[in-house]
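In: Sequence and computational prediction follow.
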Amino acid sequence: MRVHGSLSPRSQAGQAVGSAHPSPSPRSQAGQAAVEVVGMLPLLGVAGMAVLQLLAAGAAHEYAGHAAEAGAIALAGGHDARIAAREAIPGWSRDRMTVAVDGRRVHVRLRPPAILRSVGDLLAAEARADAGPAA
């Protein structure tokens, strides 16, 4: 038997004869794409948070270095290194900073902002600066 105007015989439901599954409609494919996008949102959120956390850690590293140098310069000038180090960084990060002075050396440890404190502790930046020999 020969069917005119069609390469493959089709049933009345629109599926190819002998096919076990109907071909997906464009509407069902769009629905599947929406489900996949919604499923990826948590992964994208976690990736975004990781990038922001790394940026915060980089900023903490820079701020710790600046604070240690400011403390060493103050120490060399006969001023309080702890106060100078704290004033050298933005106010929001001062609560996360510790400053230690050992002779002519200034040691600064700064935790970056983090959702989990343990992550902030792991990414904490440390910097040391030396005020040079005593005058």
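Out: Okay, I see it. Residues are numbered from 1 along each chain as shown.

In: The helix ranked longest in the chain: what's the following helix or strand?
Out: With residue count as the measure and DSSP state H as the assignment, the chain has helix 26-76 as its longest helix. Later in the chain than helix 26-76, the nearest helix or strand by DSSP states H and E is helix 81-87.

In: Identify all contacting residues around that next one.
Out: If you take C-beta atoms under 8 Å, 6 or more residues apart in numbering as the criterion, helix 81-87 is touched by 67-68, 70-75, 94, 97, 99, 101, 106, 108, 131. C-beta coordinates here come from the backbone N, C-alpha and C atoms, glycine included.

In: Low-confidence bits of the protein, can you list those?
Out: Low-confidence segments of the chain, defined by pLDDT under 70: 1-28, 30, 135.

In: that older thread, top of the contacts of helix 81-87 by neighbour count?
Out: For the contacts of helix 81-87, the largest neighbour count, defined by other C-beta atoms under 10 Å, is 31 neighbours, found at Gly71.

In: That residue: what's it in contact with?
Out: Contacts of Gly71 were listed using C-beta under 8 Å, 6+ apart, and they are Ala81, Arg82, Ala84, Ala85, Ala88, Val99, Val101, Val106, Val108, Ala129.

In: number of nearby residues for the fourth one?
Out: Meaning Ala85. Neighbours around Ala85, by other C-beta under 10 Å: 33.

In: before we move on, what about the fifth one?
Out: By the other C-beta under 10 Å criterion, the neighbourhood of Ala88 contains 21 residues.

In: Over to the second one?
Out: The burial metric for Arg82, expressed as a neighbour count using other C-beta under 10 Å, is 19.
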